[in-house]
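> One predicted model, sequence on top.
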Amino acid sequence: MQELNKGRYNVTIISPRNHFVFTPLLASTSVGTIEFRCITEPVRSYSNSISYYQAQCSNIDFEKQQVLCTSRIGESTFMLLLEDGESFSLTYDALVIAVGSYCNTFDIPGVKEHAYFLKDVNDARRIRKRIIECFEEASRPGLDEKRKNDLLHFVIVGGGPTGIEFSAELYDFISDDAIRTYPEGLVSRARMTLYDVAPQILGSFDSHLSEYTHEKFKRKDIQIKTRRFVDQVEGDHLVIRNEGKVPYGLLVWATGLMPNPLVETLSDRVALDAQNQRMITDGKLQVLKKVTNSMLQNVYALGDCAKIENNDLPATAQVAMQKASYLAKGISTTTAKTTPAVTNFIFKNRGMMAYIGSSEALVDMSSVHERAKQSGHLAWYLWRSAYFGMTVSTRNKLLIACHWFLTWCFGRDISRF
């Protein structure tokens, strides 16, 4: 949206939320390290020359070049959509599909109803509220010991960067803030367990960094249980295969990705990958037709909902950002009725980072240089510096720096709201 040539195009944005979320710091907001407004950027504030509609794209008519939309006004999340609103349609000359994806529940019973996801600010707000609820309820007089222990058992399913960073942020909250505001005997009951189906956590990172994180979590009494399968989720417990019931106070679901409903709607017309989760594009990010594999004229896709043919890149923000910049420059240099005269998209892997708690982090830039791997406090400074620099607006840079300083001075806010 920022880089498109506004003099050449009338730009229209359709999205069920009227803000952009800087997701790398989403876990920090879920425990109050920074506030929610620090990572949101209002769409309308960027340019007066764009049109924005708060709506959900429900279907696309490629022949008529029309986008069919349903109004979405009010609270919503990626997993829970509102009742259908009023419908309308918009025509286009060039269309960019960047609808993202949802957390994959793997059709496990009870996950949608009882688990907490971490994809949007509303999710982080719900998690933050639930954490405080668990501590407040556990402090109630007359509550039996087992119930207290169950309420203060925090379970995370998923050993990727999202699950690890949330676990780290929650550990910091408990060890730095909860212990100062709740009775010591209560906080000492708090425990965390992380489950994953993979043989090790952070499988996309260098194995030494994964082992380093495992050892650090072990010292913090964060249990890591790999090769575990969840069979069912209930309101106060989940069922682990070959282990039985595991009570919890909060369950955060941070597993893989599942397709956006729009991708499923278009599955009879566009080519999808083997898992039917992502649309397939050519090297110039143009969507391919299902049967002929020829390109759909002036229809592009990027981010988690798309995959380049014969080039399976990870579904990360880094890939999406580079694709967006590439596409914006390509479209801006040509007319809407011709294929962008540019070379195919080339991804430049700049590495990965993850926060692991206690002012320590991981930086894996082995894709740039085989020895460019760092863990510990220095990596934490690099992690904070990198995400601070990538924050979109000057306003949010100031807010983030301010809240980091306030948290360091006074601790996190434990208000429930």
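Structure's in. What do you need?

> Next, the contact list for F217, please.
Applying Cβ atoms under 8 Å, 6 or more residues apart in numbering, we find F217 in contact with 167, 194, 224, 356-357. Where you see a C-beta, it was placed from the backbone N, CA and C, and this is true even at glycine.

> Filter the residues you listed down to the buried ones, PyMOL style.
Here is the PyMOL command that picks out the buried ones among those, judged by 16 or more other Cβ atoms under 10 Å:
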select buried, resi 167+194+224+356+357
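
> check contacts around D221.
191-192.

> One more: L209?
Taking Cβ under 8 Å, 6+ apart as the test, what L209 contacts is 202, 362, 364, 373, 375.

> if I've got this straight, it is in a helix?
Yes - assessed by DSSP: H, G, I helix; E, B strand; the rest coil, L209 belongs to a helix.

> From K218, how far off is it?
15 Å (Cβ to Cβ, to the nearest Å).

> Run through the stretch 51-200 of the chain and note the low-pLDDT ranges.
Under the criterion pLDDT under 70, the flagged ranges of the stretch 51-200 of the chain are 74-84.

> residue boundaries of the strands in it?
Taking DSSP state E, counting those that start in this stretch as the criterion, the stretch 51-200 of the chain carries its strands at 66-71, 87-91, 95-97, 101-103, 153-157, 191-195.

> send the alpha carbons of stretch 94-101 over as PDB?
The C-alpha trace of stretch 94-101 is given here as PDB (Å, rounded to 0.1, in the frame of the first residue of the first chain):
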ATOM      1  CA  ALA A  94      -5.200  -5.500 -10.800                       C
ATOM      2  CA  LEU A  95      -5.900  -7.600  -7.700                       C
ATOM      3  CA  VAL A  96      -3.500  -8.600  -4.900                       C
ATOM      4  CA  ILE A  97      -4.600 -11.400  -2.600                       C
ATOM      5  CA  ALA A  98      -2.900 -11.300   0.800                       C
ATOM      6  CA  VAL A  99      -5.400 -12.800   3.200                       C
ATOM      7  CA  GLY A 100      -3.000 -14.700   5.300                       C
ATOM      8  CA  SER A 101      -3.900 -17.900   7.100                       C
END
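
> Identify whichever of the strands of the stretch 51-200 of the chain lies nearest to L313.
For L313, the closest of these is strand 101-103, at 13.9 Å, according to Cβ to Cβ.

> Pairing partners for that closest one, with directions?
Here strand 101-103 is paired, per DSSP bridges, with strand 257-259 (antiparallel).

> From the chain's centroid, how far away is the strand it pairs with?
12 Å (Cα atoms, centre = their mean, to the nearest Å).

> ok, back up a step: looking at the strands of the stretch 51-200 of the chain, which is nearest to T40?
strand 101-103 (19.7 Å).

> Name the residues that touch the closest one?
Contact with strand 101-103 is made by 78-79, 117-119, 253-260, 277-278, 304-305, 315, as judged by Cβ under 8 Å, 6+ apart.
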